[in-house]
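# coordinates for the following, if possible.
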Amino acid sequence: MKSDFLPIRLEAVFHMAQKQHPKTAYQIESLMQKVPPEVLPLFPQLLGASGDRDSMIMLRRLMSHPLLAVRLEAILSAARAGRDDLLPEIRGISSHHQIEEQEAAAVAIGLLKDEESVKRLTELKQSKAKNVQIASLQALYRMGREDAALPLIEMARQGNLFAISVLSELNQSENTLYELCCTEDLNIRINAALSLLERRDPRCLQTLLELFLRDPRDLALSQTHSAGKGLAAYKIVPSAQQNFESTPLLYEQTLNLKEAALQKTLELPEKDFFAFARLLFDTRQNDLIPALTHLLEECRSPGAVEILKTYREQIGAPLIRYWCNLALYRMKEEGPYTPTLKFWVKEYQFHDMIQFRPMLPWKMRSANASQYQLTPQETSRLLVETYESLVQLQDEEGIALILEAIKSGNRKNRYALAGLLIRAAN
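Numbers count the residues shown, from 1 in each chain. From the prediction side, this is the model:
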């Protein structure tokens, strides 16, 4: 917290909030006095995560902050943290005239399932603003008013991306979503497919291939929000490589969203997931191979093991071979996986493995994301996970390899490797 660099201090207070450190509220309040106004909307997220009494007092105050962006984040952060003690303030805000506040309040009421606000939601669903209509209908549906589904389906059929995203929560919306997957508009197709994936319907996969497989259109994916920040949808960005050069974070966001969608494919019928996995391997979607091998490892079925063993032998695809080998090693399958792994570690011990990726916004980070946050550069990420696996499995020969890498390998890796050994000792 004593750093001169604001991003470092923000990241530090984020981790304090995640761990619910008793001094989090004090540090947040102190930092808020020193940042430019455009940074202030970040702080309600921190207060909501912290959750202590002082943080909630500050969060309540921020609901009446002069900046609209701060007020919106305060409303939504309170709801996401489950703070029904702040419902009186949220009910009051739902009566304000600004449509952004009406939308945020409607989303918050739905998340907190506040039955006392049903009458107000019924009024808001008649709003002229589509985002307010969608937010209030979604809230009513979450509170068991199934008649709210029909207007949402109608708006989705009209091509409203936020309504299409909300359909992921609606029972028996699968056929409507599948119809939308067949439209000409790419943004509608992708949003419908992602919602259909949430419904665990394998008919989404054909459309999702447009997103997962590289083609001449070179598509990236970005998340967009409604005016009140309570609704989200996805927009396709063409010519991704050109955009990545000027906006490196776009690549990270695209990869994060793809990996999140890939994680959900594990919930599809096994035969559909395995067919999809084989297609990603066959077409060598290298940026998704680490996440895919983790999913197959998590699956642990005979079919998953068979796929890993098959692609561990794939000719002309060293990255796929090494990731499959690492997964089989971690699964303790019988085979030549341990010697192969150790040979690879010796070969690459001089490689610089500590290369940081662009930091995602806090709300987009997965709870089980790699704590190392390395670049997608293939060798670096694989090397770190290999070293970590050797430590986790308490492999004596592997520990010896790490000691050798500390002694003779790349000097930049020494402290990270020493940290792995310390963690293993504990």
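
# can you give me the strands for the stretch 201-350 of the chain?
Per DSSP state E, counting those that start in this stretch, the stretch 201-350 of the chain carries strands over the ranges 220-225, 232-237.

# for Ile307, which of those strands is the nearest?
Closest to Ile307 of these is strand 220-225 (CB to CB; 25.8 Å). (Each C-beta comes from the backbone N, C-alpha and C, glycine too.)

# how many neighbours does Thr247 have?
16 (other CB atoms under 10 Å).

# typo on my end, Gly48
Gly48 has 22 nearby residues by other CB under 10 Å.

# got the strands of the stretch 201-350 of the chain as CSV, with distance to Lys2, mean neighbour count and mean pLDDT columns?
Output for those, formatted as CSV (distance: least, CB to CB, whole Å; neighbours: other CB atoms under 10 Å; pLDDT from 0 to 100):
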stretch, distance to Lys2, mean neighbour count, mean pLDDT
strand 220-225, 34, 16, 91
strand 232-237, 36, 18, 94
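
# distance to Asn160 added to these, as CSV?
Below are these laid out as CSV (distance: least, CB to CB, whole Å):
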stretch, distance to Asn160
strand 220-225, 12
strand 232-237, 9
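
# which of those strands sits closest to Val35?
By CB to CB (comparing all of the strands of the stretch 201-350 of the chain), the closest turns out to be strand 220-225, at 21.6 Å.

# the closest one - contacts with which helices or strands?
strand 232-237, helix 240-246, helix 248-265 (3 or more CB pairs under 8 Å, 6 or more residues apart in numbering; DSSP states H and E).

# mean pLDDT for the ones you listed: which is lowest?
Of all the helices and strands packed on strand 220-225, helix 240-246 carries the lowest average pLDDT, namely a mean of 67.

# now stretch 288-307: buried residues?
288-297, 299, 304-305, 307 (16 or more other CB atoms under 10 Å).

# for those residues, which one is nearest Ala418?
Distances from Ala418 to the buried residues of stretch 288-307, taken by CB to CB, are shortest for Pro290, at 24.3 Å.

# model confidence for Leu403, exactly?
Looking at Leu403, the pLDDT reads 86.

# what of Asp185?
At Asp185, pLDDT is 97.

# which ones are touching the closest residue to it other than its chain neighbours?
Of all residues not flanking Asp185 in the chain, Gly159 sits nearest, at 6.5 Å (CB to CB, 6 or more residues apart in numbering). Gly159 makes contact with Thr183, Asp185, Ile188, according to CB atoms under 8 Å, 6 or more residues apart in numbering.

# so the last one makes contact with Phe162?
Going back to what we said before, that points to Ile188. No: using CB atoms under 8 Å, Ile188 is not in contact with Phe162, being 11.8 Å away.

# more neighbours, the two?
For Ile188 and Phe162, the more surrounded residue by other CB under 10 Å is Phe162, and the numbers stand at 24 against 20.

# please, which helix or strand holds the more buried one?
If you go by DSSP states H and E, Phe162 is part of helix 161-166.

# next SSE after that helix?
Following helix 161-166 in sequence, per DSSP H and E, is helix 174-181.

# work out the gap between that next one and the centre of the chain.
24 Å (CA atoms, centre = their mean, to the nearest Å).

# by contact count, what packs against the helix or strand just after it?
Downstream of helix 174-181, the first helix or strand assigned by DSSP H and E is helix 186-198. If you count contacts as 3+ CB pairs under 8 Å, 6+ apart, helix 186-198 packs onto helix 161-166, helix 174-181, helix 205-212, strand 232-237, helix 248-265.

# nearest to Gln27, of those?
helix 248-265 (25.7 Å).

# and that closest one, which residues are buried?
250-259, 261-263, 265.

# likewise for stretch 262-275?
Buried residues in stretch 262-275 (16+ other CB under 10 Å): Leu262, Gln263, Thr265, Leu266, Leu268, Asp272, Phe273, Phe274.

# any residues touching that stretch, and which ones?
In contact with stretch 262-275 (CB under 8 Å, 6+ apart) are residues 197-198, 200, 202, 205, 212, 276, 288, 291-292, 295, 298-299, 301, 303-304, 307.

# how far out from the middle of the chain is it?
Worked out by CA atoms, centre = their mean, stretch 262-275 lies 18 Å from the chain centre.

# where exactly do the helices run in the stretch 51-200 of the chain?
53-62, 68-80, 87-93, 99-112, 118-124, 130-142, 149-157, 161-166, 174-181, 186-198 (DSSP state H, counting those that start in this stretch).

# and the first one, what does it pack against?
In terms of contacts (3+ CB pairs under 8 Å, 6+ apart), helix 53-62 is packed against helix 24-32, helix 43-50, helix 68-80.

# any buried residues in the first one, and which?
Spelled out, it's helix 24-32. Applying 16+ other CB under 10 Å to helix 24-32 flags Thr24, Ala25, Gln27, Ile28, Leu31, Met32 as buried.

# widest-spaced pair of those?
Thr24 and Met32 (12.3 Å).

# redo the helices and strands packed on strand 220-225 as CSV? Include distance to Gly92.
Output for the helices and strands packed on strand 220-225, formatted as CSV (distance: least, CB to CB, whole Å):
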stretch, distance to Gly92
strand 232-237, 25
helix 240-246, 42
helix 248-265, 35
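
# right, and the ones you listed - which one's nearest Asp282?
Judging the helices and strands packed on strand 220-225 by CB to CB, what sits closest to Asp282 is helix 248-265, at 15.5 Å.

# by how many degrees do the closest one and strand 220-225 diverge?
Helix 248-265 and strand 220-225 meet at an angle of 90 degrees, taking axes from the mean of the first three to the mean of the last three CA atoms, to 10 degrees as the criterion.

# any low-confidence regions in the stretch 251-400 of the chain?
Within the stretch 251-400 of the chain, the stretches with pLDDT under 70 are 351-379.

# what segments of it are helices?
270-282, 289-299, 302-311, 318-330, 337-347, 378-392, 396-408.

# from the ones you listed, which stretch is densest packed?
Mean neighbour counts were taken over these using mean count of other CB atoms under 10 Å, and the top value, a mean of 22, falls to helix 318-330.

# packing partners of that helix?
Counting by 3+ CB pairs under 8 Å, 6+ apart, helix 318-330 packs on helix 289-299, helix 302-311, helix 337-347, helix 378-392.
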